[in-house]
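Q: Just the structure for this:
(one chain, ligands or ions: 2)
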Amino acid sequence: MKAYWFDNLPGDQREPHNSGRDVPASYLSDLGVIYEHCADVSGVDAIATSRQYKNRDEITVSPEKMGDIYEEKVKSFFHEHLHEDEEIRYILDGAGYFDVRSEGDDWVRIWLEKGDLIVLPSGIYHRFTTDEKNYTKAMRLFKDEPKWTPLNRGDETDGNQFRKEYLKAREGLAVGQ
Ligand SMILES: CSCCC(=O)/C(O)=C/O
Ligand SMILES: [Fe+2]
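A: Ligands and ions are numbered 1, 2, ... in the order given. Predicted structure coming up:
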């Protein structure tokens, strides 16, 4: 895992866009983002049990697996969105970027590779992209039935109950940069 401020410069979303300014793990934790490295799936099982996640599936985001819809899919994952559930992803192979919004609405880019697990809280604005190798194989954890419901950012999501609860939970935390 490597986290840093996104540079906001033009270029393909899959380029590193590394501003050179690192973000410490403590800052991710202030944003409510949990990161763990799990050398094998037993570590994921423990997290799933403790957070009462019953289901899981696997997704491979690559041109080989997705064919003609790959570029479209990668662009759709990169639309800024939130979910009304936590998002837990465990990287089984390859690598990818999760970008999360900071308290000041800047992008923090989190590069995950094999063995990395991330928990994004419900209500956090974020997006995902493969990196320049175009290959991410990930396990997705679900509390109940597998579903992926992104709510793209807009006026409605700013007023979303889960968004408001996310912001409320961050209130009073000394989130530093
Ligand atoms: C690598 S998992 C696919 C992306 C996804 O599920 C998501 O919600 C991104 O924010
Ligand atoms: Fe998401």
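Q: any weak-confidence spans in this protein?
A: 173-177 (pLDDT under 70).
Q: Around ligand 1, which positions in it sit nearby?
A: 59, 61, 77, 87, 89, 96, 126, 128, 136, 138, 140, 148 (CB under 6 Å from any ligand atom). No exception for glycine: its C-beta is placed from N, CA and C like everyone else's.
Q: Show the end-to-end separation of stretch 13-26, please.
A: 26 Å (CA to CA, to the nearest Å).
Q: List the contacts of that stretch.
A: Here stretch 13-26 makes contact (CB atoms under 8 Å, 6 or more residues apart in numbering) with 2-9, 11, 35, 74, 78, 97, 108-109, 111, 129-132, 134.
Q: can you rerun that using 6 Å?
A: 3, 4, 5, 6, 7, 78, 108, 129, 130, 131, 132 (CB atoms under 6 Å, 6 or more residues apart in numbering).
Q: So the first one belongs to a strand, correct?
A: Pointing back at residue 3 there. Yes - with DSSP: H, G, I helix; E, B strand; the rest coil as the criterion, residue 3 is part of a strand.
Q: Restrict the residues of the chain next to ligand 1 to the buried ones and give me that as a PyMOL selection.
A: In PyMOL, a selection of the buried entries from the residues of the chain next to ligand 1 looks like this (16 or more other CB atoms under 10 Å):
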select buried, resi 59+61+77+87+89+96+126+128+136+138+140
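Q: could you redo the residues of the chain next to ligand 1 as TSV and give each row distance to residue 160?
A: Shown next, in TSV, are the residues of the chain next to ligand 1 (distance: CB to CB, whole Å):
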residue	distance to residue 160
59	25
61	26
77	19
87	15
89	21
96	25
126	14
128	19
136	27
138	25
140	21
148	17
